[in-house]
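> I would like the atomic coordinates for the input below:
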Amino acid sequence: MTMTGCGVVGFVTSTPAAAQDRPTVEASVPTKQAVTIYRDPNRAPGDRLNRDNPQGFAMISEVRTVTLPPGESRIRFTGVAEGMVAVSAIVTGLPGGTIEKNRNADLLSPAALVDGTLGNRVRITRTNPGTGEQVSESAVVRTRADGGLVLQTSEGFEPVRCSGLPESLAFERVPAGLSSEPVFSIDTRDASGGTYTVTLSYLAWGFDWEANYVATLAQAGAREDARLRLVSWLTVLNDNGQSFENAELMAVAGTINVESDFEGLAEPPRARPLRLTCYPIGSTAAGSPELNFNPPVPPPAPMALAAPVMQRMRAEADEEIFVTGAMMASEEDLGDLKLYRVPEPVTVSAKGLKQVAFLDRPEVEGRIVYRADHCVPWTPFPSRDNPADFTPATLMLMTKNDAAHGLGAALPLGNMALFEPSPAGNMLVSELDLRDYAVGQDVELDIGESPQVFTQCARLGEREPDAYGTRWMPMRARVTNANPHSVTMRITLGQEAGWDYRFARERLLTKNGTRYVEVQIPANSTTNFDWQMRSTLR
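Below you'll find the model as predicted:
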């Protein structure tokens, strides 16, 4: 292996690792894999995937083949996830079970290569920058990679990269136990030996997923009756450095109880760099100049070439909008949770995102409702209309998660992009946050503030509620509707606990501990609604 500075360039030769107490056998690469991803249990509605540090985890199962000699042996599983929680690993299919489990702490890296070669010979090559002449000689590594690398040559002890000449090292072999990929190993025994198919299952840190919804209204305008198409995607994140090719992919929705610190238990293997310390130029006080030998940045592509690239990207994006039934994840019950299974093998790429459709509802029936909040008896109603006293009503998209309304499927936590048709195509009108919605639940989503409907809500009269709850307080809500059509308004009266309400013309409703009424507001009108309330804390 050749190393220039602190970078590994190539191999010279490679020989098997040194024999240990138990013979070591390598398990085959996985012939079948399954990845089940659990989302971050602490992520709340409105929180997005943390792409830099995902807090979810996955259950990974790998089917491999191994040939054991008679007696005890050590099996190495190379290429496991770097976020593997080793204490969770289970290996099935072995006749003698598991004696001991181990997780390799070091990856093949410049520092690990030097440490593993301590006391052994390497070949150092120096290049004359003026003539290009190279001179090589044998040397013995005399220090670890703890800050400076010292070799013993025919001239004595010499630090590497302190002569002012370009230097490279060639290693004869890879030290035993080092691998460029994470390794998990177990010790087992088999009296007769043989070839077996085993399954390695373990938890791994550094995964997460969320649901992304795209809703498109059938027609423009915030009319009460709303029909829309809803397409949903599973967005899966793998922050590990390993890919899982042709894997069965599943995602679990719902909140599970997690007591263990998976992030702390994972302890990813280290790939330690080689840090060389010396001062070949100047003084120790001034330090050494940092020379940049990197190639210059290539110039940007000409505009004539960039345009077709952008057109191709737009075409590819347009193709992604089509949802085929063959690639839609199916929903299954998993106790109180939901499991989404992708019907075909997919590749979960290292350090990558993947999207798979799991829901396509072409005809969802809902309605648009406006909501007036902030109806409290502590503020008197103004005697004159002042535009500054009016508050934009909240626009809500409401439906019921059942088959009658075109849904009838669990809606996992995620975010939604709401589009509305226009002469220029579908236009984004709002981005919404969704919590988990089970089948049968009412779905109420805040779209945003209305520019057409405004409300004013306060107490009539000067007297505030008394401390004994004997006085009924008159309240008023004033609603202005500038739309050319009537709208449904939900007037939030207040909390059910601690208050009594009397509303003469409308039926009082309760939802999640809040009392409210729904009223109709005619087109291009201003309407007053009066009621009474008093405290019950007496």
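
> can you map out the helices along the protein?
With DSSP state H, the ranges of helices along the chain come out as 110-116, 262-266, 303-320.

> Quick check: buried residues in the second one?
By neighbour count, with 16 or more other Cβ atoms under 10 Å as the criterion, the buried positions of helix 262-266 are 262, 263, 266. In short, each C-beta sits where N, CA and C put it, glycine included.

> Touching, the last one and residue 84? I think so.
Yes: with contact defined as Cβ atoms under 8 Å, residue 266 and residue 84 form a contacting pair (6.5 Å).

> Residues that sit against both of those two, list them.
Counting by Cβ atoms under 8 Å, 6 or more residues apart in numbering, the shared contacts of residue 266 and residue 84 are 204, 205.

> Point out where the chain drops to low pLDDT.
For the chain, the stretches with pLDDT under 70 are 1-20, 105, 221-222, 279-326, 465-469, 538.

> Longest strand in it, please.
strand 194-217 (DSSP state E).

> Just checking: what are the partner strands of that strand?
Strand 194-217 has the following sheet partners, assigned by DSSP bridges: strand 56-68 (antiparallel), strand 84-92 (antiparallel), strand 225-238 (antiparallel), strand 414-420 (parallel).

> Dump the first one to CSV, keeping only the CA atoms.
The C-alpha trace of strand 56-68 is given here as CSV (Å, rounded to 0.1, in the frame of the first residue of the first chain):
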residue,chain,number,x,y,z
GLY,A,56,-34.2,7.6,14.0
PHE,A,57,-33.0,4.0,13.7
ALA,A,58,-33.5,0.9,11.7
MET,A,59,-33.8,-2.9,12.2
ILE,A,60,-31.5,-4.5,9.6
SER,A,61,-31.6,-8.2,8.7
GLU,A,62,-28.9,-9.7,6.4
VAL,A,63,-28.9,-13.3,5.0
ARG,A,64,-25.3,-14.6,4.5
THR,A,65,-23.5,-17.9,3.8
VAL,A,66,-20.6,-19.1,5.9
THR,A,67,-18.4,-22.2,5.8
LEU,A,68,-17.1,-23.3,9.2
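
> and it, how far out from the chain's middle?
Mean-position distance between strand 56-68 and its chain equals 23 Å (Cα atoms, centre = their mean, to the nearest Å).

> How about stretch 96-104?
31 Å.

> Residue ranges of each domain in this structure, please.
Using automatic domain parsing, the domain parsing of the chain gives 2-206+242-253, 368-410+441-535.

> buried set for stretch 167-175?
Residues 167, 168, 169, 170, 171, 173, 174, 175 are the ones in stretch 167-175 that count as buried (16+ other Cβ under 10 Å).

> hang on, isn't residue 185 packed against residue 98?
No: here residue 185 does not reach residue 98: they are 10.5 Å apart, not a contact under Cβ under 8 Å.

> Who has more neighbours out of those two?
Neighbour count, other Cβ atoms under 10 Å: between residue 185 and residue 98, residue 185 has more, with 21 against 15.

> need the contact list for the more buried one.
With Cβ under 8 Å, 6+ apart as the criterion, the residues that contact residue 185 are 24, 74, 75, 76, 77, 101, 102, 103, 104.

> Just give me the neighbour total for the nearest residue to residue 516 once chain neighbours are set aside.
Excluding its sequence neighbours, the residue lying closest to residue 516 (Cβ to Cβ, 6 or more residues apart in numbering) is residue 492, at 4.9 Å. Residue 492 is flanked by 19 other residues according to other Cβ under 10 Å.

> isn't residue 492 right next to residue 514, touching?
Yes: between residue 492 and residue 514 there is a contact at 6.2 Å, judged by Cβ under 8 Å.

> all strands of the stretch 351-500 of the chain, in order?
All strands of the stretch 351-500 of the chain, identified by DSSP state E, counting those that start in this stretch, fall at 352-372, 391-400, 414-420, 427-434, 442-459, 473-481, 487-495, 499-502.

> Out of those, flag the one nearest residue 216.
Nearest of these to residue 216, taken as Cβ to Cβ: strand 414-420 at 4.6 Å.

> tell me which residues of that closest one are tucked away?
Within strand 414-420, the residues scored as buried using 16+ other Cβ under 10 Å are 414, 415, 416, 418, 419, 420.

> Max pairwise distance over those: which two?
Within the buried residues of strand 414-420, 414 and 420 form the most distant pair, 20.2 Å apart (Cβ to Cβ).

> Kindly reformat the strands paired with strand 194-217 as TSV containing distance to residue 428.
Conversion of these to TSV gives the following (distance: least, Cβ to Cβ, whole Å):
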stretch	distance to residue 428
strand 56-68	28
strand 84-92	40
strand 225-238	14
strand 414-420	6
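
> one step back: from the buried residues of stretch 167-175, which single one is nearest residue 276?
residue 167 (9.9 Å).

> Which strand residues bridge the closest one?
Assigned bridge partners for residue 167, using DSSP bridges, are residue 126.

> and it, how far is that from residue 241?
30 Å (Cβ to Cβ, to the nearest Å).

> Same check on residue 138?
Computed as Cβ to Cβ, the residue 138 to residue 241 distance reads 35 Å.

> who's more crowded, the two?
Neighbour count, other Cβ under 10 Å: between residue 138 and residue 241, residue 241 has more, with 17 against 13.

> Enumerate every residue touching residue 420.
216, 217, 220, 426, 427, 429.

> what do you get if the cut-off is 6 Å, keeping everything else the same?
For residue 420, the contact set (Cβ atoms under 6 Å, 6 or more residues apart in numbering) comprises 217, 220, 427, 429.

> again, but for residue 101
Residues near residue 101 by Cβ under 6 Å, 6+ apart: residue 186.

> mind checking the end-to-end distance for stretch 47-62?
32 Å (Cα to Cα, to the nearest Å).

> Please tell me how far that stretch is from the chain's geometric centre.
Centre-to-centre, stretch 47-62 and its host chain are 5 Å apart (Cα atoms, centre = their mean).

> sorry, back to before: just the buried ones from the contacts of residue 185?
Buried, going by 16+ other Cβ under 10 Å: 24, 74, 75, 76, 77, 103, 104, out of those.

> Looking at these, which is nearest residue 391?
Checking these one by one against residue 391 (Cβ to Cβ), the nearest turns out to be residue 103, at 58.6 Å.

> what's near enough to touch the closest one?
Counting by Cβ under 6 Å, 6+ apart, residue 103 has contacts 86, 184.

> roughly how far apart are it and residue 275?
Applying Cβ to Cβ to residue 103 and residue 275 gives a distance of 25 Å.

> can you check residue 166 too?
Here the criterion is Cβ to Cβ. By it, residue 166 lies 18 Å from residue 275.

> And residue 460, by the same measure?
Separation of residue 460 from residue 275 (Cβ to Cβ) stands at 76 Å.

> Of all the strands of the stretch 351-500 of the chain, which one comes closest to residue 205?
Here strand 352-372 is closest among the strands of the stretch 351-500 of the chain (Cβ to Cβ), at 16.4 Å.

> contact partners of that closest one?
Residues outside strand 352-372 that contact it (Cβ under 6 Å, 6+ apart): 222, 224-226, 228-237, 323, 328-329, 340, 342, 393-394, 396-399, 405-407, 409, 450, 453, 455, 457, 477, 487-491.

> Nothing else from me, thank you.
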